[in-house]
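Engineer: Fold the following for me, if possible:
(one chain, ligands or ions: 2)
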Amino acid sequence: MSEEQSIPLIDFDKFLNGSHDDRKDVASAIDAAFRSVGFIYLRNHGIDGDKIDHCFRWGKRFFALSDTEKNLIRRPPDRSLYRGYVGVGCEKVRKHICIKESFDSGNPDEDAQPNLWPSEEVLPGFRDYMEMFFQECSMLVHQLLDALSTALNLPPADSLAQYHGASLFTMSLLHYPALPAEDLRSGTHTRIPAHSDFGTLTLLFQDDVGGLEIAEPGSASTETSAGFEKEGRFRKVKPMPGTVVVNVGYLLMRWSNGRWRNTVHRVVEPPELESGGDGMTPARYSIPFFAAPDPATVVEALPGCWSEGLPKRWKAISAGDYIRRKKLAVYV
Ligand SMILES: O=C(O)CCC(=O)C(=O)O
Ligand SMILES: [Fe+2]
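Structural biologist: Ligands and ions are numbered 1, 2, ... in the order given. Okay, here's the model as predicted:
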């Protein structure tokens, strides 16, 4: 089996359009993949490929704006809002500054956390497109949560989607600028160091540059992000056209009492350049969509994930408090 194939490829069509039994089969396949790898490639996910390509084009146009324009909608330095533009060097993971810039937006229907948009004169149509794409991603998250609820045989009243009203969802346009390959190789610069995501599910659309990797379980003596970075083995998550990568975040791992893996991942030098090139690592664009439960949600082992013989491993935790704490920690 090649490295890439070891990340399961799931066809979602049978969940979206199939019979009751088909839906059960897909739900079990996702359950098994999240238990073993924590990452999947999802195809026939219902989001049109042209729309995804178009969203990447918007990302390129946004990041091509001048710093002055982008800084007009800078994320507030007082940490009052997790929206807007974040420049290169504004985020860190374990003291490593990430060489990336981002534009974050959230639920367009949420008044408490208003989005920050470039003006229509500067980027006409951008806001409408981002709002539309946000809704499509939210819908896919809900369908995936339905699949996971099916896998756990949760009664409809307990289904996971109901805790995901999207107020803590974040869609990020990401741009990793081109830089000398040596800077990445020597470790003086990093795109994103080993980490795991905070929320429940992440949808990850990536361009064809590559560089995303996941840690292999059992390959480090300490199975933390820092431990894997130091001595772990990583597998490439090669871009696969027509698919979106989906992975499990910390809160879903905890909600499932450790059943689903919150796999550590990172973005490094893309494989094509390991043996030379012009010495520059090309720019990379990606669009992660981070889902998290509504702030008031109490995350505690779900029915079916614990029993007398399999006790609850963690205390109940408030989703809002946890996400706030983690977000504060990545600001420089
Ligand atoms: O850009 C990528 O491919 C990964 C991004 C990521 O892991 C993150 O933002 O949490
Ligand atoms: Fe991540």
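
Engineer: Can you classify the residue of the stretch 201-332 of the chain found nearest ligand 1 by secondary structure?
Structural biologist: The stretch 201-332 of the chain approaches ligand 1 most closely through S286 (3.4 Å), counting by Cβ to the nearest ligand atom. Every C-beta, even on glycine, is put in place using the N, C-alpha and C of the backbone. Classification of S286 using DSSP: H, G, I helix; E, B strand; the rest coil returns strand.

Engineer: For it, which residues are in contact?
Structural biologist: Residues in contact with S286, defined by Cβ atoms under 8 Å, 6 or more residues apart in numbering, are 174, 176, 204-207, 212, 267.

Engineer: Reformat these as a markdown table; add neighbour count, pLDDT and distance to L123.
Structural biologist: Below are these laid out as a markdown table (neighbours: other Cβ atoms under 10 Å; pLDDT from 0 to 100; distance: Cβ to Cβ, whole Å):
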| residue | neighbour count | pLDDT | distance to L123 |
| --- | --- | --- | --- |
| L174 | 25 | 98 | 17 |
| Y176 | 26 | 97 | 21 |
| L204 | 20 | 98 | 24 |
| F205 | 23 | 98 | 20 |
| Q206 | 23 | 97 | 23 |
| D207 | 18 | 97 | 20 |
| L212 | 24 | 97 | 27 |
| V267 | 26 | 96 | 26 |
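
Engineer: same for ligand 1: which of the residues you listed are within range?
Structural biologist: 174, 204, 206, 212, 267 (Cβ under 6 Å from any ligand atom).

Engineer: mind listing which of those residues are in strands?
Structural biologist: 174, 204, 206, 212, 267 (DSSP state E).

Engineer: can you redo those residues as TSV with distance to P156?
Structural biologist: Output for those, formatted as TSV (distance: Cβ to Cβ, whole Å):
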residue	distance to P156
L174	36
L204	29
Q206	34
L212	35
V267	38
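
Engineer: Spatially, which two of those are the most separated?
Structural biologist: Taking Cβ to Cβ, the two most distant members of these are L174 and L212; they sit 11.3 Å apart.

Engineer: Helix or strand: which one has Y322?
Structural biologist: helix 319-330 (DSSP states H and E).

Engineer: Just give the number of residues close to S66.
Structural biologist: Number of residues near S66 (other Cβ atoms under 10 Å) recorded here: 9.

Engineer: Any figure for the gap between it and G87?
Structural biologist: Counting by Cβ to Cβ, to the nearest Å, the gap from S66 to G87 is 12 Å.

Engineer: can you give me the helices in the stretch 201-332 of the chain?
Structural biologist: 225-231, 250-255, 319-330 (DSSP state H, counting those that start in this stretch).

Engineer: Check those helices for me and report the most buried one.
Structural biologist: Highest mean neighbour count among those (mean count of other Cβ atoms under 10 Å): helix 250-255, with a mean of 24.

Engineer: Can you pull out the residues in contact with that helix?
Structural biologist: Against helix 250-255 from outside (Cβ under 8 Å, 6+ apart): 38, 148, 160, 196-201, 260-262, 292-293, 299-302, 305, 314, 317, 319, 322-323, 326.

Engineer: now those residues: which count as buried?
Structural biologist: Among these, the ones that count as buried by 16 or more other Cβ atoms under 10 Å are 38, 148, 160, 196-201, 260-262, 292-293, 299, 301-302, 305, 317, 319, 322-323, 326.

Engineer: List the ones among those residues that fall in strands.
Structural biologist: Per DSSP E, the subset of the buried ones among the contacts of helix 250-255 in strands is 201, 299, 317.

Engineer: Export those residues to CSV and append columns for distance to ligand 1.
Structural biologist: Shown next, in CSV, are these (distance: Cβ to the nearest ligand atom, whole Å):
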residue, distance to ligand 1
L201, 12
V299, 19
I317, 20
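
Engineer: what's the pLDDT at the residue sitting furthest away from the middle of the chain?
Structural biologist: The outermost residue of the chain relative to its centre, with distances by Cα atoms, centre = their mean, is E308 at 33.3 Å. Per-residue confidence (pLDDT) for E308: 95.

Engineer: D67 contacts G87, doesn't it?
Structural biologist: Yes: when contacts are counted by Cβ atoms under 8 Å, D67 is listed as touching G87 (7.4 Å).

Engineer: what's the weakest-modelled helix or strand in this protein?
Structural biologist: strand 92-93 (a mean of 73; mean pLDDT, DSSP states H and E).

Engineer: just to revisit the earlier point, and of the helices of the stretch 201-332 of the chain, who's closest to P241?
Structural biologist: helix 250-255 (26.8 Å).

Engineer: Spell out whether that closest one and ligand 1 are in contact.
Structural biologist: No: Helix 250-255 does not reach ligand 1 (Cβ under 6 Å from any ligand atom); its nearest approach is 11.5 Å.
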